[in-house]
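Trainee: predicted structure and sequence below. I'll ask about it afterward.
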Amino acid sequence: MNKDLLLRPDARKIEALEEYLHNVQQDIGLLNKMTPAQMEIHVKEFMLRHKKMLGISDADGSVAQELA
(Lines give C-alpha, C1' and ligand atoms only; values in the text may rest on other atoms or scores of the structure.)
Protein backbone atom coordinates (compact mmCIF):
# COMPACT_ATOMS: atom_id res chain seq x y z
CA MET A 1 0.00 0.00 0.00
CA ASN A 2 1.26 3.46 -0.90
CA LYS A 3 1.91 5.64 2.17
CA ASP A 4 2.77 8.85 0.29
CA LEU A 5 0.73 11.93 1.14
CA LEU A 6 -0.16 14.04 -1.88
CA LEU A 7 -0.40 17.64 -0.75
CA ARG A 8 -0.50 21.03 -2.41
CA PRO A 9 2.73 23.00 -1.98
CA ASP A 10 0.88 25.50 0.24
CA ALA A 11 -0.96 22.89 2.34
CA ARG A 12 -1.64 23.85 5.95
CA LYS A 13 -0.64 21.63 8.87
CA ILE A 14 -4.26 20.63 9.47
CA GLU A 15 -4.59 19.42 5.87
CA ALA A 16 -1.43 17.32 6.09
CA LEU A 17 -2.59 15.91 9.42
CA GLU A 18 -5.98 14.99 7.96
CA GLU A 19 -4.37 13.09 5.09
CA TYR A 20 -2.04 11.29 7.52
CA LEU A 21 -5.03 10.26 9.64
CA HIS A 22 -6.75 8.85 6.54
CA ASN A 23 -3.68 6.63 6.08
CA VAL A 24 -4.06 5.52 9.70
CA GLN A 25 -7.70 4.67 9.00
CA GLN A 26 -6.55 2.40 6.18
CA ASP A 27 -3.91 0.80 8.42
CA ILE A 28 -6.46 -0.12 11.10
CA GLY A 29 -8.95 -1.52 8.59
CA LEU A 30 -11.63 1.16 8.57
CA LEU A 31 -11.49 1.44 4.78
CA ASN A 32 -13.52 -1.77 4.52
CA LYS A 33 -15.97 -0.81 7.27
CA MET A 34 -16.87 2.81 6.45
CA THR A 35 -17.99 4.80 3.45
CA PRO A 36 -15.73 7.64 2.30
CA ALA A 37 -18.16 10.15 3.85
CA GLN A 38 -18.08 8.30 7.18
CA MET A 39 -14.28 8.25 7.09
CA GLU A 40 -14.18 12.03 6.53
CA ILE A 41 -16.50 12.64 9.48
CA HIS A 42 -14.55 10.18 11.64
CA VAL A 43 -11.25 11.99 10.99
CA LYS A 44 -12.72 15.46 11.54
CA GLU A 45 -14.35 14.41 14.82
CA PHE A 46 -11.09 12.78 15.98
CA MET A 47 -9.17 15.95 15.16
CA LEU A 48 -11.65 18.10 17.08
CA ARG A 49 -11.64 15.80 20.13
CA HIS A 50 -7.85 15.65 20.23
CA LYS A 51 -6.87 19.09 18.92
CA LYS A 52 -4.65 19.88 21.91
CA MET A 53 -2.76 16.58 21.60
CA LEU A 54 -2.40 17.10 17.84
CA GLY A 55 -1.29 20.71 18.20
CA ILE A 56 -4.20 22.11 16.23
CA SER A 57 -4.68 25.84 16.70
CA ASP A 58 -8.07 27.31 17.57
CA ALA A 59 -8.27 28.82 14.07
CA ASP A 60 -7.58 25.47 12.39
CA GLY A 61 -9.96 23.78 14.83
CA SER A 62 -12.69 26.14 13.66
CA VAL A 63 -11.99 25.19 10.05
CA ALA A 64 -12.22 21.48 10.89
CA GLN A 65 -15.44 22.03 12.83
CA GLU A 66 -17.05 23.75 9.85
CA LEU A 67 -16.12 20.80 7.64
CA ALA A 68 -17.35 18.13 10.07
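Mentor: Sure, I can see it. Everything quoted here is computed from the prediction, not taken from an experiment. Residues are numbered from 1 along each chain as shown.
Trainee: only C-alpha atoms for contact and neighbour calcs from this point on.
Mentor: Will do.
Trainee: quick check: which element contains residue 22?
Mentor: When secondary structure is defined by DSSP states H and E, residue 22 falls within helix 13-27.
Trainee: now the helix or strand following that helix: average pLDDT?
Mentor: If you walk from helix 13-27 toward the C-terminus, the next helix or strand you reach (DSSP H and E) is helix 36-49. Helix 36-49 shows an average pLDDT of 94 in the prediction.
Trainee: so what's the most centrally placed residue in the chain up against?
Mentor: When the chain is reduced to its mean C-alpha position, the closest residue under C-alpha atoms, centre = their mean turns out to be residue 18, at 2.3 Å. Under the criterion of C-alpha atoms under 8 Å, 6 or more residues apart in numbering, the contact list for residue 18 reads 43-44, 47.
Trainee: considering the residues you listed, which possesses the most neighbours?
Mentor: Ranked by neighbour count under the definition other C-alpha atoms under 10 Å, the contacts of residue 18 are headed by residue 47 with 23 neighbours.
Trainee: could you list the low-pLDDT ranges of this protein?
Mentor: Of all residues in the chain, those with pLDDT under 70 make up the ranges 1, 66-68.
Trainee: same thing but at 80, please
Mentor: Across the chain, residues meeting the criterion (pLDDT under 80) sit at 1-2, 63-68.
Trainee: residue 47 and residue 20, how far apart?
Mentor: 11 Å (C-alpha to C-alpha, to the nearest Å).
Trainee: cool, residue 51 as well?
Mentor: Using C-alpha to C-alpha, one gets 15 Å for the distance from residue 51 to residue 20.
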